[in-house]
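J.: any chance you can model this:
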Amino acid sequence: MPSRPRPSRLRRTLLVLLTVAVAAAAGFWLTTRADDDGGTTAGDTSPVAAPTTEAPVPGGDPVATLEPERTGGAPVPTEPSGEVATDAPAPTEEAGGEVAPQITYYGWDDAIGGVEAGGIVMGIVESGGTCTLTLTQGATAVDVSVEAVDNVTSTSCPAMTVPGDRLASGTWQATLSYESDDFRGAGAAVEVEVP
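T.: Presented below is the predicted three-dimensional model:
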(Lines give C-alpha, C1' and ligand atoms only; values in the text may rest on other atoms or scores of the structure.)
Protein backbone atom coordinates (compact mmCIF):
# COMPACT_ATOMS: atom_id res chain seq x y z
CA MET A 1 0.00 0.00 0.00
CA PRO A 2 1.55 3.33 -1.05
CA SER A 3 2.23 5.75 1.73
CA ARG A 4 0.32 8.99 1.83
CA PRO A 5 2.21 12.25 2.09
CA ARG A 6 2.50 13.53 5.58
CA PRO A 7 0.18 16.43 6.38
CA SER A 8 3.09 18.71 7.33
CA ARG A 9 4.90 18.06 4.04
CA LEU A 10 1.67 18.60 2.10
CA ARG A 11 1.05 21.87 3.95
CA ARG A 12 4.59 23.02 3.26
CA THR A 13 4.26 22.23 -0.45
CA LEU A 14 0.93 24.04 -0.66
CA LEU A 15 2.38 27.04 1.18
CA VAL A 16 5.29 27.27 -1.27
CA LEU A 17 2.96 27.01 -4.28
CA LEU A 18 0.63 29.64 -2.81
CA THR A 19 3.57 31.99 -2.15
CA VAL A 20 4.83 31.63 -5.72
CA ALA A 21 1.34 32.24 -7.13
CA VAL A 22 0.86 35.38 -4.98
CA ALA A 23 4.29 36.73 -6.00
CA ALA A 24 3.54 36.13 -9.69
CA ALA A 25 0.14 37.80 -9.40
CA ALA A 26 1.65 40.79 -7.58
CA GLY A 27 4.35 41.16 -10.23
CA PHE A 28 1.78 40.99 -13.02
CA TRP A 29 -0.43 43.53 -11.25
CA LEU A 30 2.46 45.95 -10.71
CA THR A 31 3.57 45.63 -14.33
CA THR A 32 0.12 46.25 -15.77
CA ARG A 33 -0.54 49.04 -13.29
CA ALA A 34 2.67 50.83 -14.32
CA ASP A 35 1.70 50.46 -18.00
CA ASP A 36 -1.83 51.80 -17.37
CA ASP A 37 -0.56 54.79 -15.38
CA GLY A 38 1.96 55.69 -18.07
CA GLY A 39 4.70 54.81 -15.60
CA THR A 40 7.93 53.19 -16.50
CA THR A 41 8.50 49.49 -16.64
CA ALA A 42 11.72 47.56 -16.38
CA GLY A 43 12.15 47.62 -20.17
CA ASP A 44 11.35 51.35 -20.51
CA THR A 45 14.54 53.35 -20.85
CA SER A 46 13.05 56.73 -21.72
CA PRO A 47 14.67 59.59 -19.82
CA VAL A 48 12.93 60.89 -16.74
CA ALA A 49 13.61 64.35 -15.34
CA ALA A 50 15.24 64.36 -11.94
CA PRO A 51 13.39 66.17 -9.16
CA THR A 52 14.68 69.61 -8.23
CA THR A 53 15.14 71.04 -4.79
CA GLU A 54 14.51 74.63 -5.84
CA ALA A 55 11.21 76.27 -4.95
CA PRO A 56 9.38 78.31 -7.59
CA VAL A 57 9.62 82.07 -7.34
CA PRO A 58 6.14 83.53 -6.65
CA GLY A 59 5.04 85.79 -9.50
CA GLY A 60 8.31 85.23 -11.32
CA ASP A 61 9.43 83.37 -14.39
CA PRO A 62 8.72 79.65 -13.86
CA VAL A 63 12.23 78.72 -15.02
CA ALA A 64 14.08 81.39 -13.07
CA THR A 65 16.20 80.30 -10.13
CA LEU A 66 17.72 82.23 -7.31
CA GLU A 67 21.39 82.49 -6.59
CA PRO A 68 22.42 82.29 -2.95
CA GLU A 69 21.87 85.54 -1.15
CA ARG A 70 24.85 87.86 -1.20
CA THR A 71 25.88 89.98 1.70
CA GLY A 72 24.22 93.37 1.49
CA GLY A 73 22.00 92.61 -1.50
CA ALA A 74 18.82 90.97 -2.63
CA PRO A 75 18.76 87.69 -4.51
CA VAL A 76 19.34 88.04 -8.22
CA PRO A 77 17.25 85.80 -10.52
CA THR A 78 19.27 83.99 -13.15
CA GLU A 79 18.24 82.07 -16.24
CA PRO A 80 19.41 78.50 -16.62
CA SER A 81 21.88 78.00 -19.45
CA GLY A 82 19.72 75.40 -21.16
CA GLU A 83 22.66 73.03 -21.29
CA VAL A 84 22.50 69.76 -19.44
CA ALA A 85 25.69 68.29 -18.10
CA THR A 86 26.25 64.75 -19.30
CA ASP A 87 29.13 62.36 -19.02
CA ALA A 88 30.33 60.77 -22.22
CA PRO A 89 30.76 57.02 -21.94
CA ALA A 90 34.33 56.27 -21.04
CA PRO A 91 35.87 54.00 -23.67
CA THR A 92 37.97 51.18 -22.32
CA GLU A 93 40.48 51.66 -25.12
CA GLU A 94 41.39 54.93 -26.83
CA ALA A 95 39.52 55.32 -30.14
CA GLY A 96 41.84 54.66 -33.04
CA GLY A 97 43.97 52.61 -30.73
CA GLU A 98 45.79 49.35 -31.07
CA VAL A 99 44.16 46.18 -29.81
CA ALA A 100 45.60 42.71 -29.35
CA PRO A 101 43.06 40.03 -30.32
CA GLN A 102 43.54 36.65 -28.67
CA ILE A 103 42.84 33.26 -30.20
CA THR A 104 40.76 31.42 -27.61
CA TYR A 105 40.39 28.10 -29.43
CA TYR A 106 42.00 26.62 -32.52
CA GLY A 107 42.98 23.40 -34.18
CA TRP A 108 42.29 20.86 -36.88
CA ASP A 109 38.71 19.58 -36.81
CA ASP A 110 38.18 16.20 -38.51
CA ALA A 111 34.41 16.71 -38.61
CA ILE A 112 34.70 19.81 -40.80
CA GLY A 113 37.93 18.83 -42.52
CA GLY A 114 39.73 22.06 -41.77
CA VAL A 115 41.28 24.36 -39.21
CA GLU A 116 38.80 26.14 -36.98
CA ALA A 117 39.61 29.04 -34.67
CA GLY A 118 37.83 31.77 -32.78
CA GLY A 119 38.88 34.57 -30.49
CA ILE A 120 38.22 37.66 -28.49
CA VAL A 121 39.25 41.31 -28.44
CA MET A 122 39.38 42.47 -24.82
CA GLY A 123 38.87 46.08 -23.80
CA ILE A 124 36.40 47.06 -26.52
CA VAL A 125 32.72 46.29 -27.02
CA GLU A 126 31.54 46.81 -30.59
CA SER A 127 29.95 45.05 -33.54
CA GLY A 128 30.74 45.38 -37.19
CA GLY A 129 34.52 45.11 -37.07
CA THR A 130 36.33 42.42 -39.05
CA CYS A 131 38.14 39.47 -37.49
CA THR A 132 40.68 37.80 -39.78
CA LEU A 133 42.38 34.47 -39.17
CA THR A 134 45.63 34.16 -41.12
CA LEU A 135 47.40 30.82 -41.44
CA THR A 136 50.98 30.97 -42.72
CA GLN A 137 53.43 28.24 -43.66
CA GLY A 138 56.64 29.51 -45.21
CA ALA A 139 55.66 31.94 -48.00
CA THR A 140 52.06 30.64 -48.15
CA ALA A 141 49.33 32.60 -46.37
CA VAL A 142 45.63 31.74 -46.21
CA ASP A 143 43.09 34.21 -44.79
CA VAL A 144 39.47 33.90 -43.71
CA SER A 145 37.39 36.72 -42.18
CA VAL A 146 34.16 37.07 -40.20
CA GLU A 147 32.21 39.99 -38.79
CA ALA A 148 32.85 40.61 -35.11
CA VAL A 149 30.01 40.69 -32.59
CA ASP A 150 29.79 42.62 -29.35
CA ASN A 151 29.79 40.76 -26.09
CA VAL A 152 29.11 42.03 -22.58
CA THR A 153 32.70 43.07 -21.84
CA SER A 154 34.54 42.37 -25.09
CA THR A 155 34.26 41.86 -28.83
CA SER A 156 33.99 38.28 -30.05
CA CYS A 157 35.45 36.79 -33.19
CA PRO A 158 33.15 33.84 -33.99
CA ALA A 159 34.33 30.56 -35.48
CA MET A 160 36.46 30.90 -38.60
CA THR A 161 37.16 27.83 -40.72
CA VAL A 162 39.91 27.33 -43.29
CA PRO A 163 39.08 24.26 -45.42
CA GLY A 164 41.72 21.55 -45.49
CA ASP A 165 41.95 21.64 -49.29
CA ARG A 166 43.54 25.10 -48.97
CA LEU A 167 46.23 23.86 -46.57
CA ALA A 168 49.27 21.62 -46.97
CA SER A 169 50.12 19.14 -44.24
CA GLY A 170 52.45 20.33 -41.52
CA THR A 171 52.76 23.12 -38.98
CA TRP A 172 51.07 26.45 -39.66
CA GLN A 173 51.22 29.72 -37.73
CA ALA A 174 47.75 31.08 -36.91
CA THR A 175 47.32 34.80 -36.22
CA LEU A 176 44.10 36.64 -35.36
CA SER A 177 43.78 40.27 -36.41
CA TYR A 178 40.97 42.78 -35.89
CA GLU A 179 40.02 45.96 -37.73
CA SER A 180 37.16 48.43 -37.34
CA ASP A 181 36.67 52.15 -37.88
CA ASP A 182 38.15 52.84 -34.45
CA PHE A 183 40.49 49.95 -33.62
CA ARG A 184 43.00 47.62 -35.25
CA GLY A 185 45.68 45.18 -34.30
CA ALA A 186 46.97 41.62 -34.44
CA GLY A 187 47.58 39.11 -31.69
CA ALA A 188 50.33 36.61 -31.03
CA ALA A 189 50.68 33.61 -33.35
CA VAL A 190 49.94 30.04 -32.29
CA GLU A 191 50.98 26.80 -34.00
CA VAL A 192 48.38 24.59 -35.68
CA GLU A 193 49.10 21.09 -36.98
CA VAL A 194 47.43 20.10 -40.24
CA PRO A 195 47.41 16.31 -40.87
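
J.: my read: Thr140 touches Ala168, true?
T.: Yes. Contact criterion CB atoms under 8 Å: Thr140 and Ala168 qualify, at 7.2 Å. Bear in mind the C-beta positions are built from the backbone N, C-alpha and C, glycine included.

J.: can you count the residues close to Val152?
T.: 6 (other CB atoms under 10 Å).

J.: ditto for the one 10 residues further on
T.: By the criterion of other CB under 10 Å, Val162 has 23 neighbours.

J.: can you tell me the closest non-neighbouring residue to it?
T.: Val115 (4.7 Å; CB to CB, 6 or more residues apart in numbering).

J.: shouldn't that neighbour be in contact with Val190?
T.: No. With contact defined as CB under 8 Å, Val115 does not count as touching Val190 (10.9 Å).

J.: where in the chain is pLDDT low?
T.: Within the chain, the stretches with pLDDT under 70 are 1-11, 13-96.

J.: break it into its domains for me.
T.: 1-34, 102-194 (automatic domain parsing).

J.: let me know which of the ones you listed is tucked in deepest.
T.: Of all the domains of the chain, domain 102-194 has the most neighbours on average by mean count of other CB atoms under 10 Å, namely a mean of 16.

J.: that one spans what distance, first to last residue?
T.: Using CA to CA, to the nearest Å, the gap from the first to the last residue of domain 102-194 comes to 21 Å.

J.: ok so, going back, beta partners for the residue nearest to Val162?
T.: Trp108, Val162 (DSSP bridges).

J.: ends of stretch 99-117, what's the gap?
T.: 18 Å.

J.: for stretch 118-126, same thing?
T.: End-to-end distance (CA to CA), stretch 118-126: 16 Å.

J.: the helices in the protein, which residues?
T.: 7-36 (DSSP state H).

J.: tell me where it has strands.
T.: With DSSP state E as the criterion, the chain has strands at 65-66, 77-78, 102-109, 114-122, 130-137, 140-147, 149-150, 154-163, 170-179, 184-186, 190-194.
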